[in-house]
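1. only geometry, no sequence info:
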């Protein structure tokens, strides 16, 4: 059983063009992600999936493996599926966001574990407990609820679960909420299947791709991490990441 970590990396970005090649601590953001993925114990191979020659060339300069994928893909999942077709030996595929240079290798291992064993999950992902009331009510922060056995019940941009009879300003004091982190592990066959699914009803309502998979009946295992991720979506995020990098090095 071989595990392949795929890092989708687009050059074009409305809020931050060229983000994967932006320098953090003197190295491209995508290089940080690649090197951390290599440190995960459950990952056998790492590959960058990009639509731009500049990212391909940057990967070659730092010794990373990268492939050029179709520029028309609408999601990182589709880009990962194309790479999976090129790696028939990869039975497990992990989709790691290319804009999270501080991702903990242990988090990647947490995603891989449920895909193995006697009763493996179809798909796996992670959540971290929400501690910020503003984030709870921010539609850009995706929330998740799971069963007692770790199976995903729903994902939403709204605060879930809803605390009936409790004023919204008291929700953080009286409830437990989880933020979804954008890392996914797939059985190879499942990845190729979900990449062919039409958009789902709930997906179109919430603009959340993972709801397509739930609606289609796939089992998504949710693991819990205590480590918050630091994503880079804007130049301002990069400045904050640079400060964090300087503090930790």
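-> Thanks, I have it. The structure presented is a predicted model; accordingly, all values stated were derived computationally and were not measured.
2. list the buried residues of the lengthiest helix in the chain.
-> Counting by DSSP state H, the longest helix found in the chain is helix 235-248. For helix 235-248, the neighbour count (16 or more other CB atoms under 10 Å) marks 237, 238, 241, 245 as buried. Heads up, the C-betas are built off the backbone N, CA and C, glycines and all.
3. for stretch 218-235, same thing?
-> Neighbour-count burial for stretch 218-235 [16+ other CB under 10 Å]: 218, 219, 220, 221, 222, 223, 225, 229, 231, 232.
4. narrow these to those in strands?
-> Under the assignment DSSP state E, the buried residues of stretch 218-235 contribute 220, 221, 222, 223, 225 to strands.
5. thought residue 128 was touching residue 223?
-> No: in this structure, residue 128 is not within contact of residue 223 by CB atoms under 8 Å, at 10.1 Å.
6. shared neighbours of the two, anything?
-> Contact with both residue 128 and residue 223 is made by no residue, according to CB atoms under 8 Å, 6 or more residues apart in numbering.
7. so which residues of this protein form helices?
-> Under DSSP H, the chain gives helices at 29-38, 53-61, 76-86, 105-112, 133-136, 171-174, 188-194, 201-206, 210-215, 235-248.
8. I'd like the ones you listed as JSON lines, with distance to residue 5 appended.
-> Converted to JSON lines, the helices of the chain look like this (distance: least, CB to CB, whole Å):
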{"stretch": "helix 29-38", "distance to residue 5": "4"}
{"stretch": "helix 53-61", "distance to residue 5": "14"}
{"stretch": "helix 76-86", "distance to residue 5": "10"}
{"stretch": "helix 105-112", "distance to residue 5": "7"}
{"stretch": "helix 133-136", "distance to residue 5": "27"}
{"stretch": "helix 171-174", "distance to residue 5": "34"}
{"stretch": "helix 188-194", "distance to residue 5": "13"}
{"stretch": "helix 201-206", "distance to residue 5": "25"}
{"stretch": "helix 210-215", "distance to residue 5": "19"}
{"stretch": "helix 235-248", "distance to residue 5": "21"}
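9. okay if I get the ones you listed as CSV plus distance to residue 180 and mean pLDDT?
-> Formatted as CSV, the helices of the chain follow (distance: least, CB to CB, whole Å; pLDDT from 0 to 100):
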stretch, distance to residue 180, mean pLDDT
helix 29-38, 19, 98
helix 53-61, 26, 97
helix 76-86, 15, 94
helix 105-112, 12, 98
helix 133-136, 12, 93
helix 171-174, 17, 93
helix 188-194, 17, 97
helix 201-206, 12, 97
helix 210-215, 8, 98
helix 235-248, 18, 92
